[in-house]
Structure formats: structure tokens, C-alpha cells
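Peer 1: Take this sequence and fold it.
(5 chains)
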Amino acid sequence: MSKTIEILGADGEALLNHKCETISKDLLTLPGADFVDRSFGNSNRSPQVLRSLQALYGTGRLANTGYVSILPVDQGIEHSGGASFAPNPIYFDPENIVKLAIEGGCNGVASTFGVLASCSRKYAHKIPFIVKLNHNEMLTYPEKFDQIMFGSVDEAWNLGATAVGATIYFGSENSNRQIIEVAAAFERAHELGMATILWCYTRNSAFKKDGVDYHVATDLTAQANHLGVTIQADIIKQKLPERNGGYTAVGFGKTHPKVYSELSTDNPIDLTRYQVANCYMGKNGLINSGGASTGDGQSDLNQAVTTAVVNKRAGGHGLISGRKAFQKDMKDGVALLNAIQDVYLDESITIA
Amino acid sequence: MSKTIEILGADGEALLNHKCETISKDLLTLPGADFVDRSFGNSNRSPQVLRSLQALYGTGRLANTGYVSILPVDQGIEHSGGASFAPNPIYFDPENIVKLAIEGGCNGVASTFGVLASCSRKYAHKIPFIVKLNHNEMLTYPEKFDQIMFGSVDEAWNLGATAVGATIYFGSENSNRQIIEVAAAFERAHELGMATILWCYTRNSAFKKDGVDYHVATDLTAQANHLGVTIQADIIKQKLPERNGGYTAVGFGKTHPKVYSELSTDNPIDLTRYQVANCYMGKNGLINSGGASTGDGQSDLNQAVTTAVVNKRAGGHGLISGRKAFQKDMKDGVALLNAIQDVYLDESITIA
Amino acid sequence: MSKTIEILGADGEALLNHKCETISKDLLTLPGADFVDRSFGNSNRSPQVLRSLQALYGTGRLANTGYVSILPVDQGIEHSGGASFAPNPIYFDPENIVKLAIEGGCNGVASTFGVLASCSRKYAHKIPFIVKLNHNEMLTYPEKFDQIMFGSVDEAWNLGATAVGATIYFGSENSNRQIIEVAAAFERAHELGMATILWCYTRNSAFKKDGVDYHVATDLTAQANHLGVTIQADIIKQKLPERNGGYTAVGFGKTHPKVYSELSTDNPIDLTRYQVANCYMGKNGLINSGGASTGDGQSDLNQAVTTAVVNKRAGGHGLISGRKAFQKDMKDGVALLNAIQDVYLDESITIA
Amino acid sequence: MSKTIEILGADGEALLNHKCETISKDLLTLPGADFVDRSFGNSNRSPQVLRSLQALYGTGRLANTGYVSILPVDQGIEHSGGASFAPNPIYFDPENIVKLAIEGGCNGVASTFGVLASCSRKYAHKIPFIVKLNHNEMLTYPEKFDQIMFGSVDEAWNLGATAVGATIYFGSENSNRQIIEVAAAFERAHELGMATILWCYTRNSAFKKDGVDYHVATDLTAQANHLGVTIQADIIKQKLPERNGGYTAVGFGKTHPKVYSELSTDNPIDLTRYQVANCYMGKNGLINSGGASTGDGQSDLNQAVTTAVVNKRAGGHGLISGRKAFQKDMKDGVALLNAIQDVYLDESITIA
Amino acid sequence: MSKTIEILGADGEALLNHKCETISKDLLTLPGADFVDRSFGNSNRSPQVLRSLQALYGTGRLANTGYVSILPVDQGIEHSGGASFAPNPIYFDPENIVKLAIEGGCNGVASTFGVLASCSRKYAHKIPFIVKLNHNEMLTYPEKFDQIMFGSVDEAWNLGATAVGATIYFGSENSNRQIIEVAAAFERAHELGMATILWCYTRNSAFKKDGVDYHVATDLTAQANHLGVTIQADIIKQKLPERNGGYTAVGFGKTHPKVYSELSTDNPIDLTRYQVANCYMGKNGLINSGGASTGDGQSDLNQAVTTAVVNKRAGGHGLISGRKAFQKDMKDGVALLNAIQDVYLDESITIA
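Peer 2: Numbers count the residues shown, from 1 in each chain, chains lettered A, B, ... in the order given. Predicted coordinates:
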């Protein structure tokens, strides 16, 4: 554990020793080698879906720990290829994306139809492919925020995918169309035996209020998670929460005083625990995102490891970290991914 | 009967002795052990649908009485998981929802795709699953009132459902799209052999007039029922009526003076009898909803039992009560469900 | 004939002796026992459609006369159940609707999916079922005028229907969507072997001009008929015309001076003859509607019989009369239906 | 030739002797007995489509000349039945429409679903049926200009059609939806072995400029033809051009100075030659429409024969003339159709 | 090489000697005889798609060099037939288009459904057909910019196509609908074994800023390419870039300073190299368009050959040049196409 402690720095001890007294871990379905059995064995998921889930949980350095480390590289669509790959142009070549995921010991690689299709006969049997189905491309002017389908679920299966991913912008004007589309896509993915991962984002300009950004409020993001598992996402990708009080600040929807007094505190682990609770008390894995690259290797490392510790201690299932890993030299990217994984491999870092 | 009387308190006797002189019970198809035979035997429902209906009417403490007690837990979608489960967070775990329904002696459990899917191989053969197909989620800002499909009817059947449920907001701007969608869903559900339950709500801000809320007027809710059975809902879920005169107060649509002078009175049983009449004179069961939890156990119990007595005496088929049951300790929830059921088991409480 | 004359009263003789000198009956395909052969034998209708048409023309008191008397009860959707059934609440029970049609000697009963489905195994083989596919429900606020589908054509066939019915509001803003939908529905109905009946209404607030209502102008309604037979309605339901000059008064579309000078007069039989001409010169049967109930039995009877005489003498095929029949005691309803039928059975009442 | 010359009157000689020096006839695929072979033999059209084309080109007085004379009667939908048939009401009866086409020696009869369906078992094997798929009905108020589908292509095939027809209003706001719909319909028609005819109209109020109507400008109508053959219309129906300069007068789109200086002149034959060039240099037949009836037989005859001469000499394939033929006595209509046909039978009238 | 040098004139030497120091050619998948193997062998493309790609790369004067020269003639739809073919009217006849491609030694001919269908049984086995699926026709007034489908992918396959082409107007208001439509079309094309080519245009009036046109900025066009390969275009058609700085000038989207400082320079080869990089580092071929005809043969030739040199040296796969080739005499068109091809055949012209 010494290396993780070293990376965490001054805040490390407090994080590692925090005990969550809001929603007890005893109420959770906890990660573990037999997680797929315990959580999905009695579900409606077919044996083929169980195989796909097990393939995800059973690949890479975290194989069979109940944790996952996923490399996502689809930012070229939304942020542009230039914005994404200028720091290290080798990733304009899709094969290098898959290589980074393999070298980095990831459980799977999430990318676009085009990227994964370009090398599927070489790699789809070596590392689980997660095809990201929809995107918000930003070449349209004026900018709009809408996720549209870039291909079909069958196309993902045909190219060898183990899982499909999709984004919903909960809170936004097109969210209902997206819910309907993604629910249908996930139903089809399950029929074809693939697992499903939902990028469960909140998005609405009204969610910034008086300079405070409630897109990362735990009450709003957790409700997004709740909707996500309702449409049968197997795994939920969510941003790490930074605060609470979104419903009350924005002044809409329905919530309960105990959400603020009893079910969470300001501690990041407790905030994240509430996200886990809204994934059916951990029956569906919560993976948090790694966030943008700061451009500074040490800073990226510190943020990523901190996020991993919070996620793990809250009861989460791992991290999905892209820009911090591919916007630098490949060996540094591998090192960062491994540092994240080390958190999950370290048995002394417990669930709070 | 003593316990029910005790719970009803001062108003009990009047309720229990009221005789309905508007639409005679002789005109109704009455509940009973052979209700499925008498009401659906000559209908277009297939033998598989008859089996599903019989499964619903034949499970739990009310098995084979012609009455049903259903636990609905889908409020997490509309009101948020936090608002719904903060009072008792164990229900963030979907298995506990099903356990409450079983422990509570219910005929079936109505919930979301996600909840029922998560434990379907363990429970779908132990208690009828009613998959709620559509929801109005309220994470979108600004709030909108629209029911959208969260999955397909086939998906419901695949996870072991006995019935599907859906909501239509009659009166609202999207109601016609919802009628078309739900009619198609119910046709498919019947093809697959499932029963159909319609949450038959009225919803329009114009239905509040001069401070009076006509969403619970019997003339409007009864017409919603009439539209519901037209699209072949087998069972109608409706709020208990509190008044009459919606059409005339709002000043729209068509009605008839006798609806107010002869077909109902101000008595809650008579108001509800008019709802039953609009379910093809009882050929389709009317179940009333239990309403929100007051947070006070005794008050909840009194309201629920009163509602049950009114529903039963009007010719209804039972209650569907969620928040009063799961927003408290599980044993108290079970007790409340049982108290409702006791009304229907009590042969001395007759149809008025 | 004495009874019909008696009912007609003072105006009877003029009606019965009028000779139509606009469009000669020699140009018409006339009703008769072999009408299905003569009119549809060389058409594209399949043998199964011919069987369905023959079943309609071959049932009830008018069996095999070439005339039809149909009981329509679907007003509960548009006008509300209360407005429709308050005069005689037994019709809240759908079985009584079918009983009235049978007791009344009708050729068929037209009603909703829900009504006919509820008793289809008992009655669909005893009297032809006509399932009304679409409706304009008026529980939506503010009121809108649009016909939407309440179920599928296959569903109608599955419940035992002999024919399907549908409404188009010609002239209205949604008419083109309705034309497309109904044309597709009728094509499917014909594939399944059912007959098709179009409620061929005109509807546009602009069709009232200077206090005169041109929704019942023969030039406009006849054009609606013309469009109806174009999409292969086998039978056209139309309101009895009351005047001419709709196109010219409203000032739109195209017409011809001879429509007013040669092809019609003010005589109701001549006005109706022009409607018949627009049903491919009688190749498709024209049935006129009975209109609202006045609440007064004698007045209802007089109106209905007068309408029947006009329809028959113009070359029409019968009446479809609902409210005048079911908004009173069942025996009075039967009497009214029989009085209408007597007009068509009376061989001394000829085609003008 | 004497009779045609007689009908043409004073202008005849100029027309008959004009030599087209814009686009040489040597560049055209010319009409002829083997036209289907020469033009479609190497195309993607299937043997069944070739059979249908040959049936069209091989029926009636013009059989196997490479020319067609078609009777179109669908004006009842757009202009109303009254406006169309008041001059001769026998055509309210659809059988008379088909009889006129047969008596008139036509290659085919183009009409609505309803008309052709009503007598298909009697006539579809005697004269090619061309089912007009879409119409702009004008009973809707306020008037709109949109072509909507009145039935399906399969339905046309089932009733015995040899070809389908459709209209696109090029230039109008709904033209793109119409292009998509008609392209799909024509693909399906070809799959089923039917030929395809496009009513290739321009329609936009902006196409009238300073009192001059450019709906009949050859540059615009020819571009409509070009789009029509792109979506695989086998035959193009177009109005006879009356002028050039549409693009430049309206000031939109792209054109080329040579369109006005070299590819056409003001001569009607040259204007029409440019339309033929835009039908893939005559690989797809151009038929011009006959226009409205003047009500005067001699005048109608003169116009029709003049149009036929222009069309033939430009390299066109024939005329499609409706109102001039059916808005008079049947024998006069037959005479008019025959006079048109005589132009094409007259070998002394050559391609200019 | 002397002839190419001669054509290039004064600027030739600089172009031919430029060394690209932005994105090294070592990072690219380079053209070559075995390009299909190297680039698509490990992709998801089926053996039938590999055959189609090989047919494209293996036909004409450039057969098996890894380069393609394609003749596109679909401008008649957007610019009008007159604007396109007035300079040489023989191309109104579609067969001449295909002849020019064959005579000109092209790898394939890209045109409309109508053009290629008209002679498919004669030529589809002689030269690869590329059916352009969608177009922006400009006969609609007022002008709109939208690509709509003129037929189906199956129809293209049925007529013998080797590949399909489509256009997306990235940046425009309808781009997302186009992305969805074209992605689906390309999936279907791949299923049927055809190759896919995307006309990858940017289009938005805001992309002109202060008189500078950023529709040909490399940062915007390259991002269009990146989106194009994401939806599995096998080959990208793009305009030759003329500048950089589109994102920053227009002020939208996301980009990176290194796009301007390190990944390109003002040199046309470097600008184009950035386009190639955004085609997955050359895994998908980039073909640049030849632009409009100047009407002057020498000038056309100079532009075309210059473009070819830039494209080749940047790492591109060839040119797609239409108007410069068909808006002149056929022998001059052939000469121009051959001059372009000579650039790619000339081994002394290297990748920079």
C-alpha cells in the first residue's frame, strides 16, 4: 500500500480510514470474484450475457477481483480528433488505442464503431471490446447537446463486441428520446448476449446555479444511476460526486430531507456511497470516470488514484479513465492505468 | 369485523351501512371466486391470458376471493429513488421490494423493468410480476408530464411477467400518443398471454379550477376508466374519487345532467360506484390507489382501510398501495397490507 | 305501408311520390338481393371479403334485401360514457349493446374494441361485429378534433369482426394523416377478409359560414364520399344532406355550376341522390346516420323513418342509427329500429 | 395526313416543317417498335418490368409503334368529382372510365385505387391499368398542395396493375418527402414487375414572376424530368413547355447560359426537345399532358392535336389526355383520342 | 515525370521537394498494391467487402497501385442537368458518362441511381459502379441544403454496384439526421458486400467568417473525416484544404493549440497530411475532389495535376474529378483524367 499512500499524499490517511456511517456496506452487494454469480445469477440476464460480464470482469490485471479498469477513447467524436490526439498523435491510429488498453492491463477497451471495427479480427478475442453506440458530435454549429446513434447494436456484435456502451444526458430536453433509444439498444444487446454500460450523465444548463455546478451533485447523479439500472444497464459509469443538494438548489423534482441528513455527508466516500446505493445497492457496478488530463503527469496520477480510492471504498467497481492515460506517452499511460489498478489489487484498501 | 371497525373509527358505521341507490349492484358483474370465468370467459382473451388473470386473482392472502391486493413500487422513477426510499433505504435493493410483497400476502408486485429483472429467476414463479412499462421521470428540467416507454412488452414477458402495467395521462397534451402506444402494448401483451393493468390517470392543469381539484372528480376519472377498458385494460387502477362535477366546472367535453342527479351522490361509495360502472359495469376490476404515506402509521392505516371499504362496497376489486407500505419498517408495511386485505376477507363487509 | 305513412305525417306523400330528375336511377347500381354479386363480383375484393359483405347484407330483418340496418354504439368515447348512457345505464354493460342489435333485427353492430372484445366468444358468430378502429376522444383539454387509432386491424379480426369501421374528418387539418392511416387499415382489413365502412365526415370550423352549416351540404359531403370510395371503403356512412352550395359559400376548392343546376335540387331525395352518385353511382352502399336522440320517442321515430325514406328513395342502402335506439328503454329502441327496417322491407317505397 | 393538317389549321405547316437545330435527334434514343429492347434491354429493369413496359407499348391503336396514348382520370380527387364529372355524369361510374379508354383505343388507363379496383377482374387483363398512387385532395381547408399516398404499391399489383403512377411537386416545400416516398414506391413497383410513370410537376407560387408563369418553363420542367428519371421513372409525364428562362427569372438554383442560347429556342418543338433531352436523351419516354377542356369540341381537338404534333416532333412518346376526352359525350371523347393517335400513326409526321 | 513538371509550372519544384515534418509518413498506413490486405485484412469488413474494395483498387490505369481515379457525375441533381451538361450535351445520355470513365482509365464511375441503372447490364461488370445514394437537389425554392436519399442500398446492389457513396453536410442543422441515415446505409452496404465512400463535406454559413471560407480549413474538414471513418466509410472524399484555423476563427467546438503549431503548417501538403491523419492515419483512403471546371483546358489541367500531387505527397489515395473531365470534349476529358493518373503512376513523385 505504500505506493498508493505516497501518491495520495497528505489527504491519504483520512480517505483510507474513513468509515461510512450513512448507508452501511452491510446493505450492499459487494464486489468480489463471484460477483457475476451473486448479482446476476438470479436476474433475467441470459447465460450468454453472464459470459460477457464474466469476460469483462475476468480480463486484465484486475481479472477475477470483482473490479474493472476500462480504457475509454471516444473523445475524438465530441471534442474532435485534434483536441484528443494532439498531445500524442499516435492515437490517431486506432490500433494504438487497443494496444494501450492491453499493455495497460485493462479489463476492456471502450471506443467507437470505426476504431474497434478497424482492428477487430486482430484484437476482439484478446481484450473485451465495448462499442460506444452514441455520441454528441460537436462539429455542428451552433453547438447542440444530443446523443445520436452512430451504428446499430447488431453491428457491434458483428465486430466482436463483448459489451455496448451508451450515453444519456439526463435532465436535458432530449433525454426522453435517449432513454427510449438506449433502453431498446440495451434490450437488443442483451438478446445478442452482450453486456451493457451506461454513461449516466446529467446535463442541463440550469444545473449550474449561482456559480455552483450540480452536474456532480450526488442527489442528481444518483437519480441518473437509478434510471440507468431501471433500463437494465449492467454497469453504470458516473462522474465522481463533489457535493449534494442539486434538487434543492435547482428547485425542481422531488427529494427527501433524509437524502441530505442521513444518506450522505460531505465526505467524498459518503457522497459516492449514495451513488452506489442508487445502483440497486451495488447489484450493478458503479465505475467512476477519471476526468480530463491536467497535462501534468503527477497531478493526473494523484487525481486518478484518489478517485480510485474513493470509488473502491464507497463500494464501486472501478475506474474508466481515458484522457489521463492516452494524452501522454504510452509508457506513462500504462503506468497511470497500473497505479489505478493497484488500488483495487490492494486488499488493505477496504470498503468503508 | 371488529378490527376494521376499530380502525375506521367514528365514520365506520356510516360507511359500512350505506346503501347505494344510484346504480344498483344488480347491474354489476360482481367479484367472486369465479370472476375470471364469468367476466372473461366469453371475451376475446386467450386461454393464456385467462391463466395469467387467474394467477393474479389466485395468489396471496386474497387468493380466489375475486379481490386483489397489489404492491406497486415504481415511484423511484417519478419521485426519485431518494424521495421514495429515504424513509427505509433497504428498498434501494430491489429484492426487498419483492420480499415485502410476498411477506405482505399480496397477489402481485408491480415495479420497473430494472427491479423485477434483477431477481426474476428467483421470484417470478413465486409471485406474479407486473412490469410497469412506462414512466414520467422527473429528472428532466424543466419538469414535463409525459409517460414514455422504458422497455418493450416482449422484454417484460421474457423476464417472467404475469401482467404489464402502463399509465395514460388522460386529458393531457400527449394523451393521444399515449393511448396509441399503450393500446399497442396491451395488444402485444395479450398476444403473449399476459394480463393488462392501466394506471388510468387524469392530468391537466386546467382540471384544477377555483382551488378545487377535479383530477379526483368521478365524472372525469370514470371517463378515463371508460377509455381504459376500451383499449382492453383487464384491470383499471384509479384514484378514489372525492367529488363530482369535473366536466361542468372545467366547462368542456360532453356530459349529462343525470350523471350528477341520478348516477351518483356525494357519498364516496356512490362516487366510486360510478367509476365501477364505467369499467363495463364491473366486468373489468377497479382497483383504487392507496395514496401517499402520511409518515404516521396510524393515519396511514386509517386511510388505507377506509379506502378499501369504499372500494369493496362500491364493487371494486381491491387496492394497490405502495408508499404507505414501503415507506416504513417492513413489519409495519406487512401489517398495513394485511389490514387492507382483511377488509376484503371479511364477508360481513358487503357490496352496497 | 300504412304505418310508415302514419309516422311520416303531413310530409309523407310528397316524399313518397317525388321523382328524381337530376341523376336518373337508371345510372345507378341499385340495391337488391344480388347486390354483392353485381357490385363487387368484378372488383378486387377477395372471396373472403365477399363472404363478409354477404354476411352483413344477409343478417337480421333486412337479410338479403340489399339493405342494411346497423346499430352503432361508440359515442361513449367521444361524448363520454356518461353523456351516452345516462338515459339508460344498462348500456354501460357492453353485452346489452349487442343484445339490442340482435333484438332489434340489425344486420350488424358497430362498436369499440373494448365493447366487442368483452363478449366476442358469445356473439361474434351470431351477429356481424363492426369494430370501429379510430375515435376522437374528448377528455383531452383543450378539445381537439382528431381521430386516432385505438387498436389494430389484426386485433379486430382476432376478436371475430366481420368488418372494420373508421372515421375521417375530411376538410380538417389532420385529414391527410387520417386518409393515409385509414387507407392502410382498409387494405389490411381486405387482406384479412373483412369488409370496410367509412364514417365519411366533413369537419372544419370554416364550413360554417354566416350561420349556415355546410357540414351537411351535399357538394362537400358527396366529395367526402368520393374520397372514401377511392380508398376502398365498401360502405359509406354519411350524414343526410340538408343543403347544397358548400364549395361556393366557403369559397375554396373546385366545383362546377351543373352541380347546382342539374345534378341536384333542394329536395332531400335529390340532395341525397348526389351523395349516392359520388359512391360510384351506387356501386358502394350509402348509409345515412340517424342523428341525436331528441329525448322524445315520437319525434325520434318520425325523424328516423323520414331519414330512411329519403335514403331509400335516393338509392341508399340503409340507416345506421345509434342514440335514437339506445338512449331509451330497450323495447322502445327495438321498436324504433324495426320501424326503420320496415321502410326498407316495404316494396311500395321505391327508388325515386 | 390531311386530317391532321386540317385540324392544325394555319399554324400547321410551320410546325410540321420545323427542323430542330438545338439538340440533334441523332443524339436521342428514338421511339420505335423495338424501343423497350433498345432503351431498357441493358438497364436494371427485370424481365417482368420489360413485359409490363411492352404491355403498355403494345396495346391499343398505337400498339407496337413506340408511342402511347393514355387516358388519365383521377381529377375527381383534386378537383372534386363534381367539377370533373358534371359535364358528363356517366363517369361517376368507374366502369365507364375504363370503357372510354378501351373504346378510345388507348394503351392504358390511369386512375385511382378505387376506380380501378371496382372493375379489376373484368378489365385489368384487357387494358393496362396504371394506378395513380398519390393525390392532392382539395377538400381540406385552407387549401394545401401536397401529394399523399392513397394506398400501397402492393395493393396496386394485387388489383392487376401494369404500372403505377405518382406525382411529385418539384420546387414545393414537401418535394423532398415526396421524392423519398415516390423513389421507394417505384423501387417496390419494379420489384413487383410493374412499370413506373411520374407526373413530374413543378409547383411553387414563386414560379410565377411578374405575371409570367414559369411552371411551364422548359428549364424548370426539364430539370424536374431529370430528377424523375434519376429515381427511375420509366416514363415521364410533363406539361408542354411554353417558354424558357425559369431559373433566371425566379433567380435561384444553377443553370448555364447555353441552356438559353444553344439548347433551345422559342419554338415549341425545341422547347420540348429540351425536355426530351432531360429524359436521358429519350431513353425514358416523355408524354405530355393534354390540359383542361375548353368545353368547346373543336378547340379541344385543335389543342390536343397541336400538342401531339409538338410532342412527336420533339421526340416524345405520346399524350396523356383526360379532361378533353371525358368531359364530353363518349363518342366525341373517342374521336378526340383517335385524332391524337392519328398524329402518331401518321408516318409523314417526323421527328424534327 | 517531365510532363507533370511541365504542367505544374513554376510552383512544381517546391511541391515535389517539400518534406512533411508535422506528422511523419512513418505513422501512416501507406498506399500500395497490398493496401486492402494491410488496411482492411484485420478489420470487420467481410470477404465480400474486401473483394469489392479490391475491385475498385484493381481496375483502370491505376489498377493495383493502391491509388484510385474516380469519375463522379451526379452534379445534374444539385446544379441541374442544364448547368452540368450544357458544355457538352452528350452527357445528358447516361451511357456516355460510363464510356468516359472507361475510356479515361478510371477505377470506377460514381453517379446516380438513374444513370447507372440505365445501362447496368452492359457496364456494371466492366467498371465498378459507385451509386451515389443521396443528393441535395436545388429545384426546391427557396434553396435548402439537405441531403436526402434517392433510393435504397439494396437497389444499388441489385443494379450491380461495387460501392455506394453518400454525402454528409457536417456542421449543418440536418447533419445528425444524415449521420444516422448514412451510418445505417453503410452498415447495410457492408452486409451486402459493397464498399462505402463518404463525401465528407462541411457546410454552414457560419463557416465563412470575415470573408474567409473555413469550409476548406483543414481542422474542420479533418474532423469531418474523423467522423466519416467512425461510421465506417472505407474511403473518404474531401475537398483539398486551403487553410487552417476554422475552429478558432468560428469560435466553437474543441481543438488543441498543437493542431496549429505542430500538426500542420500552411503548406498544402501538410494541410492535407492532417486530413490523412484523421482518416485513421491513412488506414482509410483519402481522395480529394477536383473542383469546378474553369472552362479553360490548360487551367483545368494545371489545377487537377497540382491537386493530385498534393494529395499523393500527403499520403492520399487519389482524385475524384468530374466537371473538369466531362464539361469538355470527351478526348480532352480523357486526357485530363490520364494526366491525373500519371501523377500516381509516376514513382518519382513520393510521399512527403
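Peer 1: Quick check: buried residues in stretch A:114-125?
Peer 2: By 16 or more other C-beta atoms under 10 Å in any protein chain shown, the buried positions in stretch A:114-125 come out as A:Gly114, A:Val115, A:Leu116, A:Ala117, A:Ser118, A:Cys119, A:Ser120, A:Arg121, A:Tyr123, A:Ala124. (Each C-beta comes from the backbone N, C-alpha and C, glycine too.)
Peer 1: tell me which parts of the stretch 101-250 of chain A are close to chain D?
Peer 2: Taking C-beta under 8 Å from any C-beta of the partner chain as the test, the list of the stretch 101-250 of chain A residues beside chain D is empty.
Peer 1: From the buried residues of stretch A:114-125, which land in strands?
Peer 2: Using DSSP state E, no member of the buried residues of stretch A:114-125 falls within strands.
Peer 1: so who does A:Phe150 touch?
Peer 2: Applying C-beta atoms under 8 Å, 6 or more residues apart in numbering or on different chains, we find A:Phe150 in contact with A:Ile77, A:Thr112, A:Phe113, A:Leu133, A:Asn134, A:His135, E:Ile179, E:Ile180, E:Ala183, E:Thr230, E:Ile231.
Peer 1: Who are the packing partners of the helix or strand where A:Arg51 lies?
Peer 2: Taking DSSP states H and E as the definition, one finds A:Arg51 inside helix A:47-57. Where contact means 3 or more C-beta pairs under 8 Å, 6 or more residues apart in numbering or on different chains; DSSP states H and E, helix A:47-57 is packed against strand A:195-202.
Peer 1: Name the nearest residue to the residue sitting nearest the centre point of chain A, sequence neighbours excluded.
Peer 2: Central residue of chain A (C-alpha atoms, centre = their mean): A:Lys237, 2.9 Å from the mean position. Among residues not flanking A:Lys237 along the chain, A:Trp199 sits closest, at 4.8 Å (C-beta to C-beta, 6 or more residues apart in numbering or on different chains).
Peer 1: Then A:Gly66?
Peer 2: In space, A:Gly66 is closest to A:Pro31, 3.3 Å off (C-beta to C-beta, 6+ apart).
Peer 1: Go ahead and confirm that neighbour touches A:Asn64.
Peer 2: No - applying C-beta atoms under 8 Å as the test, A:Pro31 and A:Asn64 come out as separate, 10.9 Å apart.
Peer 1: neighbour count winner among the two?
Peer 2: Taking neighbours as other C-beta atoms under 10 Å in any protein chain shown, A:Pro31 and A:Asn64 compare with A:Pro31 leading, 24 against 15.
Peer 1: Could you tell me how far that one is located from chain E?
Peer 2: According to C-beta to the nearest C-beta, to the nearest Å, A:Pro31 and chain E sit 33 Å apart.
Peer 1: Now for whatever residue of the stretch 251-352 of chain A ends up closest to chain D: which residues touch it?
Peer 2: Closest to chain D within the stretch 251-352 of chain A is A:Phe252: 38.0 Å, counting by C-beta to the nearest C-beta. Going by C-beta under 8 Å, 6+ apart, A:Phe252 touches A:Ala206, B:Met138, B:Tyr141, B:Pro142, B:Glu143.
Peer 1: distance of the third one from B:Gly160?
Peer 2: To tie it back to what came earlier, the one meant is B:Tyr141. Separation of B:Tyr141 from B:Gly160 (C-beta to C-beta, to the nearest Å): 36 Å.
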